[in-house]
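Undergrad: Predicted coordinates and the sequence they were generated for:
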Amino acid sequence: MKIFFNPKILAILTIILLFTACEKAYFPQPPRPKVSIQTADLEASYATTPPITLANAYWKTADYIKVTVGDLNTKSLYPDGLLNMTGTYNGINSFNNGKTDPNVIMKAAYDDKKVYLYIEWTDNDYSPNLEASILNGPSDPLKTDNPDGWTSQGNSDKVSLAFDISGATSAAGTFAEKGCAASCHNGKMQPASGSVDLWNWDLAVSEPLGYAKDMITNATTGLDYDAGTAMMVRNKVIPGDPRSAPMYEWDGSEQRCGRPFGDSSKLDPAYYLYKKTAFIGDIVNGDMVYHNETYGCFHCHGEHGEGDGPTGEGTAFANIGFAAKWSRAGIKDFSGKSEHTGFTYWAQVPTNVQDDMIAYMKALGSIPGYYLVNPTGSQANIWTVSNVTRGKINTFNPHTVYKVLLVRDLTNANSDDIQFASPEGKSYPFGIALMDNDGKNHIGSLKQTLTFKSK
Ligand code: HEC
């Protein structure tokens, strides 16, 4: 122990210390390149250029959280006429067919104007339908509903964030303590007091136009859309009746729509309805024409449009999304061409019943359950970017991960939105929920914390 008090050694140590100090001062080391590390809170760093693309360098080195997800709501079913809409029925054990941990990663950034939230998760198949209209569609293994006639089928993939607007509470506690649990009350998405802001990204109805659905839930009125025009309208003759006929179909023109960041995108008509025209034709008469002994398409396309009929081989029409991508003019044109094996059959179909038959064929293959309109007001302020190829949704090949960016102004004048005023150094609790082909059952995390780091 004595050695430490030896004056000679002390002097040498002092010199070494001085020398290293000098070295630091005179030969500065270059700053270490930033590497991403896992953090406990979701930390938004200040970004000098807006990280508005997934490829932006900011996201490569940004710190991240890995969200541990659990069951949030399970075993809920929809009312009569709404089928095959609960892909997350058994929570974690159903999500992505119970395959793996969905590996939910989040990153964040902010600049002087906006906050940027990045979310990534694994879901190996696209569920791009939401309540599509199908005639005589599949039954639902979880329900006893009669699938005959028109039903509404299928659900979409979704991610949802919840923020506290005004000190929301429920029997479970405050949002600050319990996160999302404070927005659940009497089994509904409704706090007992205060209000909660919900940001819902939805593959079927928000992704195509480049926004997240912006909703609010409060003690008095419950769950509702923010003020302004909604981006999705139910495509039904009777909007509240899932067993009514569709109102519109694709008009056959290119579905190009502008997006909030100023770019534009093509939308796959198999799943997205943006350029629309009235759904015409009598499906009862169309059924008879389709099954006509002499010229009926069933001979090759199957009794129920399942493909390969009693006379010859033909493609299936009765796949969700299949017939919707064919416009009426497209079906008429192709069916009558000599390269179509069945063209002599088509040639005999009387002109005045062609539209009835096409209505029947389209109905077997589904019509989108919603049509899209550009949102306005407080429903148009959460902008999104994703890795989804909207022009052609490929439901055949396995899909790997979703990557979604949600972007919003830090502050705005809307009372139905959370405000991030002068957020530097402040923390905001939030909840996150994920749905795989579902809109009721979800997995996720009730409470995470978003912290804005100083500039
Ligand atoms: C003799 C068999 C046969 C009959 C009858 C038949 N088709 Fe076809 N159809 C086919 C085959 C085979 C294909 C695949 C393309 C090809 O090789 O012709 C096809 C493809 C189609 C397609 C394109 C679908 C795709 O795969 O993209 C349409 C639309 C179509 N048929 C409409 C009709 C209509 C309408 C009728 C009834 C008037 C009809 N077909 C009757 C054999 C038939």
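TA: Received the coordinates, thanks.
Undergrad: In the stretch 51-200 of the chain, which residue sits closest to the ligand?
TA: For the stretch 51-200 of the chain and the ligand, the shortest gap (C-beta to the nearest ligand atom) falls at Leu135, measuring 15.6 Å. Any C-beta I mention is one placed from the backbone N, CA and C, and that applies to glycine too.
Undergrad: Please name the bridge partners of that residue.
TA: Trp150 (DSSP bridges).
Undergrad: what's the pLDDT at it?
TA: pLDDT for Leu135: 96.
Undergrad: Now do it against Val196, distance only.
TA: 39 Å (C-beta to C-beta, to the nearest Å).
Undergrad: And these two? Which one has more around it.
TA: Between Leu135 and Val196, counted using other C-beta atoms under 10 Å, the more crowded position is Val196 (29 against 26).
Undergrad: The host helix or strand of that one: partners in the sheet, and parallel or antiparallel?
TA: Here Val196 sits within strand 195-202, counting by DSSP states H and E. Strand 195-202 pairs in its sheet with strand 158-164 (antiparallel), strand 213-218 (antiparallel), by DSSP bridges.
Undergrad: for these, which one sits closest to Gln448?
TA: The closest of these to Gln448 is strand 158-164. By C-beta to C-beta, the value is 9.2 Å.
Undergrad: Which helix or strand lies directly C-terminal to the closest one?
TA: Following strand 158-164 toward the C-terminus (DSSP H and E): strand 169-170.
Undergrad: Now the residue of the chain found nearest the ligand: closest residue in space, sequence neighbours ignored.
TA: Nearest to the ligand in the chain, going by C-beta to the nearest ligand atom, is Gly342, at a distance of 2.1 Å. Excluding its sequence neighbours, the residue lying closest to Gly342 (C-beta to C-beta, 6 or more residues apart in numbering) is Cys300, at 5.6 Å.
Undergrad: Same question for Thr311.
TA: Excluding the flanking residues, the one nearest Thr311 by C-beta to C-beta, 6+ apart is His299, at 3.8 Å.
Undergrad: my guess is that neighbour contacts Pro310, does it?
TA: Yes - using C-beta atoms under 8 Å, His299 is in contact with Pro310, at 6.4 Å.
Undergrad: So these two - more neighbours on which side?
TA: The neighbour comparison of His299 against Pro310 (other C-beta under 10 Å) goes to His299, with 19 against 9.
Undergrad: now the helix or strand hosting that one, how far from the chain's geometric center?
TA: His299 belongs to helix 298-301 when assigned by DSSP H and E. From the chain centre to the centre of helix 298-301 is a distance of 36 Å (C-alpha atoms, centre = their mean, to the nearest Å).
Undergrad: Also stretch 280-288?
TA: Worked out by C-alpha atoms, centre = their mean, stretch 280-288 lies 34 Å from the chain centre.
Undergrad: likewise stretch 177-193?
TA: So, by C-alpha atoms, centre = their mean, the centroid of stretch 177-193 is 23 Å from its chain's centroid.
Undergrad: that older thread, since we're on the residue of the chain closest to the ligand, how many residues are nearby?
TA: 19.
Undergrad: Quick check, it in contact with Gly296.
TA: No - counting by C-beta under 8 Å, Gly342 stays clear of Gly296, with 9.9 Å between them.
Undergrad: how about the residues of the chain that lie near the ligand?
TA: By C-beta under 6 Å from any ligand atom, the residues of the chain that approach the ligand are 295, 297, 299-301, 311-315, 326, 331, 334-335, 340-342, 345-346, 349.
Undergrad: Please give me every residue in contact with the residue of the stretch 51-200 of the chain closest to the ligand.
TA: With contact taken as C-beta atoms under 8 Å, 6 or more residues apart in numbering, Leu135 is in contact with 149-150, 283, 360, 363-364.
Undergrad: Could you chop this protein up by domain?
TA: Following automatic domain parsing, one gets these domains for the chain: 42-231+381-452, 280-364.
Undergrad: out of those domains, deepest packed?
TA: Stretch with highest mean neighbour count among the domains of the chain: domain 42-231+381-452 (a mean of 19; mean count of other C-beta atoms under 10 Å).
Undergrad: Give me the distance from that one to the chain's centre.
TA: Relative to its chain's centre, domain 42-231+381-452 lies at 7 Å (C-alpha atoms, centre = their mean).
Undergrad: Equivalent analysis for stretch 361-380, please.
TA: The chain centre lies 14 Å from the centre of stretch 361-380; the measure is C-alpha atoms, centre = their mean.
Undergrad: mind checking the end-to-end distance for that stretch?
TA: Stretch 361-380 has an end-to-end distance of 36 Å (C-alpha to C-alpha, to the nearest Å).
Undergrad: Buried residues of that stretch, list them for me.
TA: The neighbour-count check on stretch 361-380 (16 or more other C-beta atoms under 10 Å) flags 361-372, 374-375, 378-380 as buried.
Undergrad: and Pro31, what pLDDT?
TA: Listed pLDDT for Pro31 reads 77.
Undergrad: Contact partners for it?
TA: Taking C-beta under 8 Å, 6+ apart, one finds nothing in contact with Pro31.
Undergrad: rewinding a little: could you pull up the mean pLDDT of the helix holding His299?
TA: Across helix 298-301, pLDDT averages out at 97.
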